[in-house]
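> My questions concern the predicted model and sequence given below.
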Amino acid sequence: MRRTKIVATLGPATDSPGTLKEMIAAGVDVVRLNFSHGRGRDHIRRAAEVRRAAAELGREVGIMVDLPGAKIRITGFADGQVELVESAAFILDPEIPPEAGTRAGVGINYHHLAADLAPGDTLLLDDGRLVIQVEKIERQKITCRVREGGTLSGNKGVNRLGGGLSSQTPGERNLHDMEKAVALDADYVAVSFPKCGRDISRARKALRGMGFTGGIVAKIERLEAVSALDEIIEAADVVMIARGDLGVEIGEAGLPAVQKRIIKQARSLNRVVITATQMMESMIQNPIPTRAEVFDVANAVLDGTDAVMLSAETAAGRFPVKTVRHMAQICMEAEKQDVARISRHRIDTLFSHIDEALAMSVMYAANHLEIKAISVLTESGKTPMLMSRISSGIPIYALTRHQKTLRRMTLFRGVYPLPFDITAVSAPAQHAEAAARLVRMGAAGRGEIVITACGDLPGRGGGTNSMKIVKV
């Protein structure tokens, strides 16, 4: 069974009849609705289709809403796109009307950009594909010189090499988008461009005030975020390594080491981690991935990422279903390696909570016995998440009566959520019923050993305090 989860972005390519259902059948665990693109009614329709297709397939599929954040973007061009020529002048000016840009200059959506810049600064457009250098600043007008030219179309992002742009997170637009995410009954909301833990805390407070009970995803995509990594991870439930903007700000050569550091630190701090951006980029146009992409996905799995994410590959690509199948196969092959099954997670540290100590005890025993499967009864999903921090090849079946908990656990590595009403079972019978569920579903058979975990008080969260090793 595949342990690493797959997140797939929805878009025009997934709207074809039957495509979404095929993608879920092929292995999608969580879908991403990117609010930077598309219209509100498109997102509503797609979310409803996800729920319907998942129910028809008997699968739990989570929904993640990705907020646009305070990304700085150019506006549009009169002719759709322009060709920037090396050494030519190019102006960024918020006073240029939208859709009125030319090869001489274009508007920008952030009126305070000039205040963050100085002559000599390097700006990167369209994820670093084009490079311009600031020469002169006159009020809000920024005159630059093209260093690396190419084709530039509207709505592309702007980054400064080395970071340091001051746009606020969450921005005013995000509050409106948050309301839409809550109305969609999203399981996760991703916050773009946080610079510190306070940005995530502000987003959480705003979402909680709207009635949101799901998980908060912090997208690591700024240089400042890398400097404040621990506080951002601790403030969030999930971190996403958003390698597009992050690679632009820190430089492509520094990205692999930072990715490994984020994965390691997220797991160490008991948080879920997603690796994202251009993982199977060539499959936007081609039916098979490149060898480099195979290595990229496999290395993220071997490093311990909970999930790998597809963006344009599924949202706009020609082969969304094939892309998911290839990614699932790569993940499963990588998970066969010993390094993906052996863990020293927190082996030398004290635990601050009983459920964490129990989760570690279960996984330590499982990794040192011939255990077939693990069953854990849960209300919030916290104990299965803690168990999933320990590398193992043993499936963790998480049984809960809450639909939101089922969907939230779709992002946890090695955790398989199952509906189960714990309140229908007396406390003394919990372990026996959890083991019996594994047998009924074929996860364990006669003579095999399983581990069950639960709390003394059925239906009460935060009370997981007992484990039992059972021979069927």
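Ah, there it is.
> is it fair to say Asp355 lies in a helix?
Yes - the assignment for Asp355, made by DSSP: H, G, I helix; E, B strand; the rest coil, places it in a helix.
> What sits closest to it if chain neighbours are left out?
On the basis of Cβ to Cβ, 6 or more residues apart in numbering, the spatially nearest residue to Asp355 that is not a chain neighbour turns out to be Thr464, at 4.6 Å. Backbone N, C-alpha and C define where each C-beta goes, glycine included.
> now swap in Ser282 and tell me
Thr290 (5.0 Å).
> and what of Asp121?
Nearest one to Asp121, counting by Cβ to Cβ, 6+ apart, is Val134 at 4.5 Å.
> Kindly report the same for Pro287.
Excluding the flanking residues, the one nearest Pro287 by Cβ to Cβ, 6+ apart is Phe319, at 5.2 Å.
> which residues does the one you found contact?
By Cβ atoms under 8 Å, 6 or more residues apart in numbering, the residues touching Phe319 are Met283, Asn286, Pro287.
> ok so, going back, backbone dihedrals for the residue nearest to Asp355, both of them.
With angles defined as degrees, to the nearest 10, Thr464 sits at phi -60, psi 120.
> hmm, back to that, for the contacts of Phe319, which single residue is the most surrounded?
Neighbour counts for those (other Cβ atoms under 10 Å) peak at Met283, which has 25 neighbours.
> Let me know the pLDDT of the nearest residue to it once chain neighbours are set aside.
Closest residue to Met283 apart from its sequence neighbours, by Cβ to Cβ, 6+ apart: Thr323 at 4.5 Å. Note on Thr323: pLDDT of 98.
> how much space between Thr323 and Arg291?
Distance of Thr323 to Arg291, computed by Cβ to Cβ, to the nearest Å: 16 Å.
> Which of those two has more residues huddled nearby?
Neighbour comparison, Thr323 and Arg291: the larger count goes to Thr323, with 28 against 8 (by other Cβ under 10 Å).
> is it true that that one touches Met280?
Yes - contact criterion Cβ atoms under 8 Å: Thr323 and Met280 qualify, at 5.4 Å.
> Residues that sit against both of those two, list them.
Applying Cβ under 8 Å, 6+ apart, one finds that Thr323 and Met280 are jointly contacted by Pro289, Leu310, Glu313.
> Show me which of those is closest to Gly214.
Leu310 (20.9 Å; Cβ to Cβ).
> What is the burial count for that closest one?
Leu310: 27 neighbours (other Cβ under 10 Å).
> follow-up on the earlier one: may I see the contacts of Phe319 organised as CSV, with pLDDT, secondary structure and distance to Thr452 added?
As requested, the contacts of Phe319 are exported to CSV (pLDDT from 0 to 100; DSSP: H, G, I helix; E, B strand; the rest coil; distance: Cβ to Cβ, whole Å):
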residue, pLDDT, secondary structure, distance to Thr452
Met283, 98, helix, 41
Asn286, 97, coil, 46
Pro287, 97, coil, 44
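> Turn those into JSON lines, including distance to Ala114.
Conversion of the contacts of Phe319 to JSON lines gives the following (distance: Cβ to Cβ, whole Å):
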{"residue": "Met283", "distance to Ala114": "40"}
{"residue": "Asn286", "distance to Ala114": "42"}
{"residue": "Pro287", "distance to Ala114": "46"}
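> Pick the one among the residues you listed closest to Ala444.
Distance to Ala444, by Cβ to Cβ, is smallest for Met283 among the contacts of Phe319, at 37.1 Å.
> Any figure for the gap between that closest one and Gly11?
According to Cβ to Cβ, Met283 and Gly11 sit 14 Å apart.
> Just confirm Lys322 contacts Ser282, I think it does.
No - Lys322 is not in contact with Ser282 according to Cβ under 8 Å; the separation is 12.0 Å.
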